[in-house]
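K.L.:
Sequence plus the predicted model coming up.
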Amino acid sequence: MPLTAIAYETEVQSTNGPQIASKQSIASLTGVTKRYGNALALDRLNLALHPGEIVALLGPNGAGKSTAIKLLLGLIAPTSGSTRVFGSNPREAATRTRVGAMLQISRITEMLKVREHLDLFRSYYPNPLPMPDILRIAQLQGIEDRLFGQLSGGQRQRVLFALALCGNPDLIFLDEPTVGMDIEARRGLWAEIRVLAALGKTVLLTTHYLEEADALADRIIVINKGRVICEGTPAEIKHNSGGRRIRCCTTLSSELLQSLPTVTSVERNGEATIVTAVNAENVVREMLRRDETLSGLEIASPALEDAFLALTKA
Amino acid sequence: MYPAAILQPATANVPDIYRKEAKYEFVKLLRTRSFSLATIGFPVMFYIIFGLANRHAFDGSVHMAKYMLAGYACFGLIGSALFGIGVGLSSDLAAGWLELKRASPMPVSAYLFAKCAAAVAFGLIIVTILSLIGIAFGNVHLSPTELAEMLGMTMCGSISFASMGLLLALIVPANAAPGIINLIYLPMSFLSGLWIPIKFMPHWLQGIAPLLPTYHLSQLMLSIFHYNDTMSLITHWNALIGFTLLMLGISRLLFHRKEQNA
């Protein structure tokens, strides 16, 4: 980190001193409510980002994900509650030099070349990332002299991603970064986002691709109707949904299976029996001991998708 | 280096932002054929058809081809200001592109400056081309001073109508912008005598002209050749400046209201 940035951060913290709730969080929403007319977009939402982590904000459409990002970018003001980024109000211009953003944009200037777009965005920042680094991280080598309008959907998303990197920001917001990309392009961008984490950047991404949150995030915050429903590592989120699914053909009765420790549900589906249990290993051991004819055994973690559906249904 | 400089966050090179923003805005407009061909092509085509046809026509001491040069110069520069800013800004707003720029440390003033500078540049290009055509093919005698004054007036006119482009961008939906701007631009140009000298129009139509900002700009442009009407130049300047301030004032009001609702 450049010396100037360290000095700046120290200065900001000393002026705000005791008001900073947590020294570790570099960006936070505290008790934030945001109303658009009568519609409630965020309802007393709390959210904190710690240095160097990738956090996924996960939720269905209209959950308030983009609103949270726009608040942290200072593009909109909260109806009530407080928004802090690097200890300051994100609506102040100085804060923005340390932040990069990729927003959901329907169209950007098509008649400029990739290199020209990047050149312009780099000029906004005091310590921009060198052009070759941006091209390398966002994998734009070879297409830097093409007009934006000539690029494919995936390439366009990578240019928008590159724009977020131009200022060499410490904090990066990615609003639905892989929307509309095919699976191969999506995996490519995931690799690029992991490069950012390796560089020590803090990343907040919103997504409704659960696989994406699972693949990238250190921490997932599930929100729905403007409130946090749950928060944790991808493994914790899956665990909260009631455990793993054991599928097999067995002669054991449903009542008996239901009585085994940590079993949360038993379903019969034709020949197959599906048992959901938090401690799947012990349950399977017990089932095998009691039923020597047990066959067709499969154990699966619930897809994050199931966990997510279970969480947001409530 | 002074210690104070270390404590402050380094700031970007602000003149550089203005310069690059303006350069790329101009490059973008130039490459956008629907803009550059139409805004340069229409006034040039009209001047060739209507202006050059009158290269030997005189109305008293007024050389018609020279008179129409002033009219089509205004027509051209107003078009580039209204379309460049009105259509460009409203589509940037609708696409979320301006929002992304505003999330960056870019000063909003640099963005507005660039739009305005590009409109001025296109205005100057159009007026230069029209003047060259007039001199080469229209028997128009233009002294270097007159040409310089025309270019100066072009800058004033472009800035003035840029304010109208700004207001239109804020109130007109992006997909309807080109149509609505044409609906305002074309009748306004005709009614203030930019296409056909105002004295050849029906009397009742002539009464409308002084209500239009385009008329006052065209009279200021004509005054360079001493072809202007009997109204004082101060009145024309006041009308043009008043119009510009009104457009900027309403734009500012709308912009602040949007900010507050955000």
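P.N.:
Arrived safely.

K.L.:
Going by C-alpha atoms from here, please, whenever you check contacts or count neighbours.
P.N.:
Fine.

K.L.:
residues contacting the residue in chain B positioned nearest to chain A?
P.N.:
Going by C-alpha to the nearest C-alpha, chain A is nearest to B:Ala12 of chain B, at 3.9 Å. Taking C-alpha atoms under 8 Å, 6 or more residues apart in numbering or on different chains, we find B:Ala12 in contact with A:123-127.

K.L.:
any idea which helix or strand comes after the least confident helix or strand in chain B by mean pLDDT?
P.N.:
Among the helical and strand segments of chain B, the one scoring lowest on mean pLDDT, DSSP states H and E is helix B:3-7, with a mean of 40. Once helix B:3-7 ends, the next helix or strand along the chain (criterion: DSSP states H and E) is helix B:14-31.

K.L.:
in that next one, what counts as buried?
P.N.:
Within helix B:14-31, the residues that count as buried by 16 or more other C-alpha atoms under 10 Å in any protein chain shown are B:17-26, B:28-30.

K.L.:
just stretch B:219-228 next, same as before
P.N.:
B:219-225, B:227-228.

K.L.:
Could you do stretch A:71-89 as well?
P.N.:
A:71-78, A:81-89.

K.L.:
which of the residues you listed are close to chain B?
P.N.:
A:73-77 (C-alpha under 8 Å from any C-alpha of the partner chain).

K.L.:
Can you tell me which of those is nearest B:Glu99?
P.N.:
In terms of C-alpha to C-alpha, no member of these lies closer to B:Glu99 than A:Leu75, at 7.5 Å.

K.L.:
Any figure for the gap between that closest one and B:Leu30?
P.N.:
31 Å (C-alpha to C-alpha, to the nearest Å).

K.L.:
what about the closest residue in space to A:Ala300 that isn't next to it in sequence, which SS state?
P.N.:
Nearest residue to A:Ala300, sequence neighbours excluded (C-alpha to C-alpha, 6 or more residues apart in numbering or on different chains): A:Arg245, at 5.3 Å. In terms of secondary structure, A:Arg245 is strand; the call rests on DSSP: H, G, I helix; E, B strand; the rest coil.

K.L.:
Now tell me what touches stretch B:213-233 from outside.
P.N.:
Residues external to stretch B:213-233 that are found in contact with it (C-alpha under 8 Å, 6+ apart): B:62, B:67, B:70-71, B:74, B:146, B:149-150, B:153, B:157, B:188-189, B:192-194, B:209-210, B:236-237, B:239-240, B:243.

K.L.:
how about the strands of the stretch 51-200 of chain B, start to end?
P.N.:
Ranges of strands in the stretch 51-200 of chain B, per DSSP state E, counting those that start in this stretch, are B:58-59, B:62-63.

K.L.:
all helices of chain A, in order?
P.N.:
All helices of chain A, identified by DSSP state H, fall at A:3-16, A:65-72, A:93-96, A:114-123, A:131-137, A:153-165, A:183-198, A:210-216, A:234-240, A:254-259, A:280-290, A:304-313.

K.L.:
same question, the stretch 1-150 of chain B
P.N.:
Here the stretch 1-150 of chain B has its helices, by DSSP state H, counting those that start in this stretch, at B:3-7, B:14-31, B:33-46, B:64-81, B:88-95, B:97-103, B:108-137, B:144-171.

K.L.:
do the stretch 151-262 of chain B as well
P.N.:
Under DSSP H, counting those that start in this stretch, the stretch 151-262 of chain B gives helices at B:177-191, B:203-206, B:213-223, B:233-261.

K.L.:
Can you tell me which of those helices is most buried?
P.N.:
Most buried of the helices of the stretch 151-262 of chain B, by mean neighbour count (mean count of other C-alpha atoms under 10 Å in any protein chain shown): helix B:213-223, with a mean of 25.

K.L.:
picking that back up, adding distance to chain A, write the helices of the stretch 1-150 of chain B out as CSV.
P.N.:
Converted to CSV, those look like this (distance: least, C-alpha to the nearest C-alpha, whole Å):
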stretch, distance to chain A
helix B:3-7, 5
helix B:14-31, 5
helix B:33-46, 10
helix B:64-81, 17
helix B:88-95, 5
helix B:97-103, 6
helix B:108-137, 10
helix B:144-171, 16
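
K.L.:
Mind putting the ones you listed into TSV with distance to A:Leu189?
P.N.:
Below are the helices of the stretch 1-150 of chain B laid out as TSV (distance: least, C-alpha to C-alpha, whole Å):
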stretch	distance to A:Leu189
helix B:3-7	36
helix B:14-31	28
helix B:33-46	33
helix B:64-81	40
helix B:88-95	23
helix B:97-103	20
helix B:108-137	30
helix B:144-171	35
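
K.L.:
Let me know which of these is tucked in deepest.
P.N.:
Comparing those by mean neighbour count (mean count of other C-alpha under 10 Å), helix B:64-81 ranks first with a mean of 28.

K.L.:
can you count the residues close to the residue in the stretch 1-150 of chain A positioned nearest to chain B?
P.N.:
Closest approach of the stretch 1-150 of chain A to chain B (C-alpha to the nearest C-alpha) occurs at A:Pro126, with a separation of 3.9 Å. By the criterion of other C-alpha atoms under 10 Å in any protein chain shown, A:Pro126 has 18 neighbours.

K.L.:
Isn't it up against B:Thr11?
P.N.:
Yes: the pair A:Pro126 / B:Thr11 is scored as a contact, 4.9 Å apart, by C-alpha atoms under 8 Å.

K.L.:
Show the contacting residues for the most centrally placed residue in chain A.
P.N.:
For chain A, the residue nearest the mean C-alpha position is A:Ala56 (1.6 Å; C-alpha atoms, centre = their mean). A:Ala56 makes contact with A:204-207, A:213, A:216-221 under the criterion C-alpha under 8 Å, 6+ apart.

K.L.:
ok, now with 6 Å
P.N.:
A:Ala56 makes contacts with A:204-206, A:213, A:217, A:220, as judged by C-alpha atoms under 6 Å, 6 or more residues apart in numbering or on different chains.

K.L.:
how many neighbours does residue 141 have?
P.N.:
Just going to use chain A. Neighbour count for A:Gln141, taken as other C-alpha under 10 Å: 12.

K.L.:
Chain B, not that one
P.N.:
Burial of B:His141 is recorded as 14 neighbouring residues (other C-alpha under 10 Å).

K.L.:
ok, now how distant is the nearest residue to it once chain neighbours are set aside from A:Leu71?
P.N.:
Distance criterion C-alpha to C-alpha, 6+ apart; nearest residue to B:His141, sequence neighbours excluded, is B:Ile135 at 6.3 Å. Using C-alpha to C-alpha, B:Ile135 is found at 58 Å from A:Leu71.

K.L.:
what do you get for A:Leu40?
P.N.:
Where A:Leu71 is concerned, A:Leu40 sits at a distance of 14 Å (C-alpha to C-alpha).

K.L.:
ok, residue 52 - contacts?
P.N.:
Just so you know, I chose chain A. Counted by C-alpha under 6 Å, 6+ apart, A:Gly52 has contacts A:200-202.

K.L.:
actually chain B
P.N.:
With C-alpha under 6 Å, 6+ apart, B:Leu52 has these contacts: B:Gly138.

K.L.:
Tell me, what's the model's pLDDT at it?
P.N.:
On the pLDDT scale, B:Leu52 is placed at 91.

K.L.:
any idea how far it lies from B:Ile159?
P.N.:
B:Leu52 sits 28 Å away from B:Ile159, going by C-alpha to C-alpha.

K.L.:
Same question for B:Pro173.
P.N.:
B:Pro173 is 23 Å from B:Ile159, by C-alpha to C-alpha.

K.L.:
now swap in A:Gly87 and tell me
P.N.:
Separation of A:Gly87 from B:Ile159 (C-alpha to C-alpha): 40 Å.
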